[in-house]
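Student: predicted coordinates and the sequence they were generated for:
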Amino acid sequence: MIYKNNTPLYERPDRSFFLRKDVTQAAKDLLGMILVSSKNGVITAGKIVETEAYCGKGDKACHAHGKRTPRTEVMYQDGGVAYIYLCYGIHHLINIVTNVAGQADAVLIRALEPIEGIEVMRKRRNFTTAKLASGPGTLTQAMDIKVHQTGTDLLGDEIWIAKSQEKEFEILEGTRIGVDYAQEDALRPWRFIIKGNKFVSKPIRSKKEGTTAFK
DNA sequence: TCTAAGATGGGT
DNA sequence: CCCATCTTAGAA
């Protein structure tokens, strides 16, 4: 692997990348890019292979929809920070905040293809035989990302996004996971994966038949 | 204060 | 199928 310290993992996009207005385009552009975490000098990183877009305006699935609370406050900042929250009391989920201040958009990172620090990830995942980072809750466990890091600047040196090394892939879209409560907005095709990648999460728990099919 | 529900994952 | 686990938001 050519991914070593001081090489591609440190080539970051600038702030403007995160300020874009179209969160679905941001979710697609994040595919193929690298999420990196540094804990006590230990680097773990993975290629983003699955994302979901959440829009503060007009999307009932978004935590910031129709309200502004302490938890979602970071979503209202300028893009390029992390929105991390605890799900089901157990799982730490990380989002990339996008758009300009006041527009509460974010992209949920749902799966990674591990590329750096794999042995560390394996240990943090208790030597599971399952994939190390194929799910929003498992990838944060593998990278040791926790809710207290919400608001972290993604242009800093704790958690960051590195530029894509290859863009030669097709993108498939489908409906988002676990958002049936959002009624008609649950039908939006705002989940994106890299076609053919083996590290995407399993299409799980769709109460409505057939809604997770990709095309 | 109280409580229901949740952008999940792993085991049976 | 079942359940762990706890914060958050909204109600009382």
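Tutor: Alright, I've got the coordinates. Numbering: from 1, shown residues only, chains lettered A, B, ... in the order given.
Student: got the residue ranges for the strands in chain A?
Tutor: For chain A, applying DSSP state E gives strands covering A:34-39, A:42-54, A:82-87, A:91-98, A:105-116, A:159-162, A:171-174, A:191-194.
Student: just the CA atoms from the last one would do, formatted as CSV, please.
Tutor: The C-alpha atoms that make up strand A:191-194 are tabulated as CSV, following Å, rounded to 0.1, in the frame of the first residue of the first chain:
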residue,chain,number,x,y,z
ARG,A,191,-28.0,6.9,0.2
PHE,A,192,-24.9,6.4,-2.0
ILE,A,193,-22.5,3.6,-2.5
ILE,A,194,-19.5,2.7,-4.7
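Student: what about the residue lying closest to residue A:150 once chain neighbours are set aside, how many residues nearby?
Tutor: Nearest residue to residue A:150, sequence neighbours excluded (CB to CB, 6 or more residues apart in numbering): residue A:84, at 4.1 Å. Where C-beta positions appear, they are placed from N, C-alpha and C, glycine not excepted. Residues within reach of residue A:84, counting by other CB atoms under 10 Å, total 20.
Student: got the contact list for residue A:84?
Tutor: A:92-95, A:140, A:145-147, A:149-150, A:152 (CB atoms under 8 Å, 6 or more residues apart in numbering).
Student: out of those, who has the most neighbours?
Tutor: Ranked by the number of neighbours (other CB under 10 Å), these place residue A:94 first, at 27 neighbours.
Student: and residue A:124, what's its pLDDT?
Tutor: pLDDT for residue A:124: 97.
Student: please report how far it lies from residue A:68.
Tutor: As judged by CB to CB, to the nearest Å, residue A:124 and residue A:68 stand 34 Å apart.
Student: out of the strands of chain A, flag the one nearest DNA strand C.
Tutor: Minimum separation from DNA strand C across the strands of chain A (CB to the nearest atom of the strand) falls at strand A:82-87, 4.7 Å.
Student: let me see the mean pLDDT of that closest one.
Tutor: Here strand A:82-87 scores 98 as its mean pLDDT.
Student: ok, it: who's next to it in the sheet?
Tutor: strand A:91-98 (antiparallel) (DSSP bridges).
Student: distance between the partner strand and the chain's centre?
Tutor: On the basis of CA atoms, centre = their mean, to the nearest Å, strand A:91-98 sits 6 Å off its chain's mean C-alpha point.
Student: if we can go back for a sec, out of the contacts of residue A:84, who's near DNA strand B?
Tutor: Filtering the contacts of residue A:84 for proximity to DNA strand B by CB under 7 Å from any atom of the strand leaves A:93, A:95.
Student: dump the contacts of residue A:84 into TSV; add pLDDT and distance to residue A:29 as well.
Tutor: Converted to TSV, the contacts of residue A:84 look like this (pLDDT from 0 to 100; distance: CB to CB, whole Å):
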residue	pLDDT	distance to residue A:29
A:92	98	24
A:93	98	20
A:94	98	17
A:95	98	15
A:140	98	21
A:145	98	21
A:146	97	26
A:147	97	26
A:149	97	23
A:150	98	22
A:152	98	20
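Student: contact partners for the residue positioned nearest the centre of chain A?
Tutor: In chain A, the residue lying closest to the centroid (CA atoms, centre = their mean) is residue A:109, at 1.4 Å. With contacts defined as CB under 8 Å, 6+ apart, residue A:109 is in contact with A:30, A:35, A:48, A:50-51, A:94-96, A:136, A:139.
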